[in-house]
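Colleague: Okay, here's the prediction I keep looking at, along with the sequence it came from:
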Amino acid sequence: MRPETGAMRFGFDWTGVFIRSDNAFRFAETLKAIYDEKWIFFHRETIECLIKLLESCNEQNKNPNTQKLKRFSACQEKK
């Protein structure tokens, strides 16, 4: 099993957002295009996806899809 892009909470900490590399690259390319003011129309779907992703960690929304993990220290690899 692997973590997916989306809202994620470690133990009882605040919810955050985890972004897998394949999604991160797409978001980065879209943001670069926006910054350069090129091809914005073609990236609208990705922009909407990123907005929804970032809003998914709002604690007030009680997102049922939040991935819940053990507390962070229990998930860390020992050196």
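Modeller: Received it, and whenever you're ready, just let me know what you need. This is a predicted model, so every value here is computed, not measured. Numbering: from 1, shown residues only.

Colleague: Against which helices or strands is the longest helix seen in the chain packed?
Modeller: The helix of greatest length in the chain, counted in residues with DSSP state H as the criterion, is given as helix 21-35. Packing partners of helix 21-35 (3 or more CB pairs under 8 Å, 6 or more residues apart in numbering; DSSP states H and E): helix 44-55. Where you see a C-beta, it was placed from the backbone N, CA and C, and this is true even at glycine.

Colleague: Poorly predicted segments of this protein, please.
Modeller: Counting by pLDDT under 70, the chain contains low-confidence ranges at 38-42.

Colleague: By residue count, what's the longest strand in it?
Modeller: Longest strand of the chain, by residue count under DSSP state E: strand 6-10.

Colleague: In the longest helix of the chain, which residues are buried?
Modeller: Along helix 21-35, these residues count as buried under the neighbour rule (16 or more other CB atoms under 10 Å): 23, 27, 30, 33.

Colleague: Now do the contacts for residue 20.
Modeller: Contacts of residue 20 were listed using CB atoms under 8 Å, 6 or more residues apart in numbering, and they are 3-5.

Colleague: ok, 6 Å please
Modeller: Under the criterion of CB atoms under 6 Å, 6 or more residues apart in numbering, the contact partners of residue 20 comprise residue 5.

Colleague: And it, how close does it get to residue 49?
Modeller: 13 Å (CB to CB, to the nearest Å).

Colleague: related to what we said a few turns ago, the longest strand of the chain relative to helix 44-55, how many degrees between them?
Modeller: The directions of strand 6-10 and helix 44-55 differ by 20 degrees, with axes from the mean of the first three to the mean of the last three CA atoms, to 10 degrees as the criterion.
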